[in-house]
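> structure for the following, please:
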Amino acid sequence: MKRLVIWLVLILCLLVPSALASEDAQMAEDITQDCTYKSSDRSKLFRLTDGKTEKHYEAQTYQDNWIIIKAPSGKKIGGLSMVWTSGTSEVLLEVRQKESGDFKEFATVNNGVYLHEYIDVGSVEAVRLKSTNRKGTIPINEVTVVTPGEVLPSHVQRWDPPCTDADMLVYVAHPDDEYLFFGGTIPRYAIERKLHVCVAYMTCRNDTRLHELLNGLWTAGVHEYPHLMGFPDKTITSKASSTYKQWGGEDAALDAMAALIDEVKPLVVITQDVNGEYGHGAHRAVADICLRLIRDGERQLAWQPHKLYIHLYEENPIYMDWTTPIEGDGRSSLEIASDAFQCHESQVGFSIKLKNGKRWKFEVIENGMFDNAAFGLAYTDVGLDTGLKDFMENVTPKEH
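Numbers count the residues shown, from 1 in each chain. Purely as a prediction, here's the structure:
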């Protein structure tokens, strides 16, 4: 017995350092605050790393603007997490060559695909970002610099391409609707169930709301870039018909959603209240679009979802449980959704006065005025639910 114990101790001594070394080799370190920053226009250089997305660096003083980021002594730059102010001004990324000390072209970035873009540069001492247009625009909101490593710090966003093979499609009118009215839906299925949850937004008013949207989704466990349908967010109206006019007509909206369904191929679709929750015309419109396409067949879809759930729908009601802690996390899906909503800083603390004279505060809570746990099954081709409180009941998730 004593000999067996000795052998076990020897084996552990060999294995533990190896495991720790492997973990150390994979973990990237945030060195943003330790790097050195230089620029052709230093007037607002501090805004690169001030943590304020509403304040950005956007040099437009010279035709050939540049920013150099140098790693601290003894460290290397492995990647850059860029938060751009727009996706319309491409930027040239260069890396410093160890032998000559010169900068060499590495990639053209900010090409309009991701507003939050992670760039793996390998292992270099310094990088240079250069403008590519006549105005000298380098439209950076924030930058995070990390050392080489496969495992990034949790706050660093490295987005996967938009989902094209979804288990679930969450379809909303505006950023923040996905938490205010759907509660723990996204974290329940993205984090706990580890399903492919695609989130699509009919409108997004500006870059500020888009930054909030991305930060919220990342917090909620979605790492596939959302689908931004690009319809205008104009004057608030209580009528779906008025919203359709703002969106260029019913056909434009129906065609766009039909194309999205065919692209994303969701098994289950979740959308908003037919009465617009507090009466918002855009909320009414997205519900109307889903009913007309999925239930009523107004367009010939190449892909037919199996189920459609609508918030607060009275037929075939289902009441979800968002309060049970997620295994391995400790928080409930509602708590995670609340954390994700806090990323929508422009909306936190906001409230509106309803027609009945009551005031509704924007917050993600249990049993709120527009209960985020109450839904109804508006369409199914796999049978009715049996009380399991599961949007995926009778549906087998895809193998990814």
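> with adjacent residues omitted, what lies nearest to residue 384?
residue 316 (5.9 Å; C-beta to C-beta, 6 or more residues apart in numbering). Just so you know, the C-beta spots here come from the backbone N, C-alpha and C atoms, and that holds for glycine as well.
> what about the one you found, distance to residue 245?
Using C-beta to C-beta, to the nearest Å, we find residue 316 at a distance of 32 Å from residue 245.
> one more: residue 369?
Going from residue 369 to residue 245 by C-beta to C-beta gives 29 Å.
> tell me where the stretch 101-250 of the chain has helices.
177-180, 185-187, 207-220, 240-246, 250-264 (DSSP state H, counting those that start in this stretch).
> out of the ones you listed, nearest to residue 120?
helix 207-220 (17.8 Å; C-beta to C-beta).
> and the closest one, what's buried?
207-220 (16 or more other C-beta atoms under 10 Å).
> need those in CSV (columns: pLDDT and distance to residue 341).
Listed next are the buried residues of helix 207-220 as CSV, based on pLDDT from 0 to 100; distance: C-beta to C-beta, whole Å:
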residue, pLDDT, distance to residue 341
207, 90, 19
208, 92, 15
209, 95, 13
210, 95, 16
211, 95, 14
212, 97, 9
213, 98, 11
214, 98, 14
215, 97, 11
216, 98, 7
217, 98, 11
218, 98, 13
219, 98, 9
220, 98, 9
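> show me where the stretch 301-400 of the chain has its helices.
Using DSSP H, counting those that start in this stretch, helices in the stretch 301-400 of the chain cover 333-342.
> pLDDT weak spots in it?
The model of the stretch 301-400 of the chain has no residue with pLDDT under 70.
> strands of that one, residue ranges please.
Per DSSP state E, counting those that start in this stretch, the stretch 301-400 of the chain carries strands over the ranges 307-311, 317-319, 351-353, 359-361, 374-380.
> so which of the ones you listed is the most packed in?
Mean neighbours per residue, mean count of other C-beta atoms under 10 Å, is largest over those for strand 307-311, with a mean of 25.
> wouldn't residue 105 be in contact with residue 97 here?
No: with contacts defined as C-beta atoms under 8 Å, residue 105 does not count as touching residue 97, sitting 11.0 Å away.
> how does this protein divide up, domain by domain?
The chain breaks down by automatic domain parsing into domains covering 32-146, 168-380.
> show the end-to-end separation of the last one, please.
Pointing back at domain 168-380 there. 14 Å (C-alpha to C-alpha, to the nearest Å).
> likewise for the first one?
With C-alpha to C-alpha as the measure, the first residue of domain 32-146 is 7 Å from its last.
> how much distance is there from stretch 117-129 to the middle of the chain?
Here stretch 117-129 is found 23 Å from its chain centre; the criterion is C-alpha atoms, centre = their mean, to the nearest Å.
> going by neighbour count, list what's buried in that stretch.
Within stretch 117-129, the residues that qualify as buried by neighbour count (16+ other C-beta under 10 Å) are 117, 118, 119, 121, 123, 124, 125, 126, 127, 128, 129.
> so what touches that stretch?
Residues outside stretch 117-129 that contact it (C-beta atoms under 8 Å, 6 or more residues apart in numbering): 66-71, 76-82, 84, 91-96, 98, 103, 106-107, 109-110, 138, 140, 148, 152, 156-159.
> could you dump the helices of the stretch 101-250 of the chain to JSON lines with distance to residue 53?
Shown next, in JSON lines, are the helices of the stretch 101-250 of the chain (distance: least, C-beta to C-beta, whole Å):
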{"stretch": "helix 177-180", "distance to residue 53": "19"}
{"stretch": "helix 185-187", "distance to residue 53": "21"}
{"stretch": "helix 207-220", "distance to residue 53": "5"}
{"stretch": "helix 240-246", "distance to residue 53": "27"}
{"stretch": "helix 250-264", "distance to residue 53": "27"}
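> just checking, residue 187 touches residue 336?
Yes: between residue 187 and residue 336 a contact is recorded at 3.9 Å, counting by C-beta under 8 Å.
> okay, those two: which has more neighbours?
residue 187 (29 against 25; other C-beta atoms under 10 Å).
> which residues touch that one?
Taking C-beta under 8 Å, 6+ apart, we find residue 187 in contact with 220, 221, 326, 333, 336, 337, 340.
> gap between it and residue 229?
Distance of residue 187 to residue 229, given as C-beta to C-beta: 23 Å.
> and what of residue 357?
Using C-beta to C-beta, residue 357 is found at 34 Å from residue 229.
> so where's this structure uncertain?
Across the chain, the ranges flagged by pLDDT under 70 are 1-25, 59-62, 87.
> one more time with 50
Residue ranges of the chain with pLDDT under 50: 1-22.
> buried stuff in stretch 84-94?
Across stretch 84-94, burial judged by 16+ other C-beta under 10 Å covers 84, 85, 87, 89, 90, 91, 92, 93, 94.
> okay, and the beta partners of the first one?
In other words, residue 84. With DSSP bridges as the criterion, residue 84 is bridged to residue 140.
> make sure it is actually in contact with residue 139.
Yes: with contact defined as C-beta under 8 Å, residue 84 counts as touching residue 139 (5.6 Å).
> joint contacts of the two?
In terms of C-beta under 8 Å, 6+ apart, residue 84 and residue 139 are both contacted by the residues residue 110.
> residue 233 contacts residue 203, correct?
Yes: applying C-beta under 8 Å, one finds residue 233 in contact with residue 203, separated by 3.8 Å.
> what sits in contact with each of those two?
Contact criterion C-beta under 8 Å, 6+ apart; residues shared by residue 233 and residue 203: 174, 282.
> chain center to stretch 32-52, what's the gap?
Taking C-alpha atoms, centre = their mean, one finds stretch 32-52 lying 25 Å from the centre of the chain it belongs to.
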